[in-house]
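>>> Any chance you could fold what I've pasted below:
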Amino acid sequence: MLDTQEVYVGRFYGRRELEITPELVRKYSAGTGDWNPRYTGQSEFGAPVAPALILHSEVYRDVSWYLSVFGNLHAKQEWQLFHPIMVGDRVSAVRTIVDRHVKRDREYVVNEVDVFSSEGRLLNRGRTHQSFLVKREDGGAPVVDKDREKRSDRRFDLTEGAVLEKIDGSPREITLEMCQEFSGPQKNYHNDVEQARLLGFPDIVVQGMMSLCFVSEMMTDRFGAGWYVGGRMNVNLVNVLWQGETVTPKAVLREVTTEGSRERASLEVWCEKGDGTKIVVGTASAVLS
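Now for the predicted structure:
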């Protein structure tokens, strides 16, 4: 028999039914600064469409799957988008552990969230790779300090290859109010400095999902319906974004390939601070309309 308390591959963490309300969309926009008119007026799909990553943090609705709270980090994120979620839709989200492994001094758990329409259609899938300290032997030093990103091994350069197009998203200064909207209402290390220090961080750690929402905003602006229907993202969260810093999503279009009667654009994507420090690096793709 499996231990009912163990975080094992295959463990199911339940289903939640919810409505995509205008207030949920407003909270998303206030937390990200993304006030796209698609979300409140006409869209490519007729009525208002919700942000593609409207349920970005459903995986964190219940963190009983965490191995520990102290020093945990969001390490990697995958998204697959199959169909838009319209404002007013009722959907259900289910969570399942799909992987667990150890790498160097951290243990990783991968929690998959599948979102379905009321008719049972798969709308999108996210896989969150969360990492945890295996053993803490540093006498209470910060889990991550603000100097780590200055090390040479924390620099991440673009791969070489064809550049068919360069894309720059909108710069965002991360305010305390954004952190509170995005990661609230309860106080935690993503919106309160004292809570951050209790968990081994020197300042508020901006929730990793926020940077991914910036990438999604950039992809939505560039590809529209082709991001909502068939979009993909696979990124690593490589450095910490701290409250008060400014970040910009960017991309280069590397390749266009045939996909049935359509074409798929494949990109290298990242988010960087004002000094060029990258906090997110990876790939994304969308269908060309």
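>>> Surely Glu255 and Leu164 touch.
Yes: taking Cβ atoms under 8 Å as the definition, Glu255 is a contact partner of Leu164 at 7.4 Å. (Each C-beta comes from the backbone N, C-alpha and C, glycine too.)
>>> On the three-state scheme, Ser285 is what?
Per DSSP: H, G, I helix; E, B strand; the rest coil, the secondary structure class of Ser285 is strand.
>>> List the beta-bridge partners for it.
Note on Ser285: beta-bridge partners Arg232, Ser266, judged by DSSP bridges.
>>> Could you tell me the per-residue confidence at it?
pLDDT, Ser285: 98.
>>> does the residue most central in space within the chain sit in a helix, a strand or a coil?
Centroid-nearest residue in the chain: Met209, 3.1 Å away (criterion: Cα atoms, centre = their mean). The local conformation at Met209, judged by three-state DSSP, is helix.
>>> Which parts of the stretch 151-289 of the chain are helices?
176-183, 193-198, 208-223, 225-228 (DSSP state H, counting those that start in this stretch).
>>> Which of those helices sits closest to Val240?
helix 208-223 (8.7 Å; Cβ to Cβ).
>>> Surely Pro51 and Thr40 touch.
No: counting by Cβ under 8 Å, Pro51 stays clear of Thr40, with 11.2 Å between them.
>>> what touches both of the two?
Val25 (Cβ atoms under 8 Å, 6 or more residues apart in numbering).
>>> When those two are compared, which one has more neighbours?
Comparing Pro51 with Thr40 by other Cβ atoms under 10 Å, the one with more neighbours is Pro51, at 25 against 15.
>>> Quick check, pLDDT for Ser57.
96.
>>> still on that earlier bit, the residue nearest to the centre of the chain contacts His56, correct?
Yes: at 4.3 Å, Met209 and His56 qualify as touching, with contact defined as Cβ under 8 Å.
>>> What are the boundaries of the strands in this structure?
Counting by DSSP state E, one finds strands in the chain at the ranges 12-19, 73-81, 90-103, 106-117, 122-133, 165-168, 172-173, 232-237, 246-259, 262-273, 278-288.
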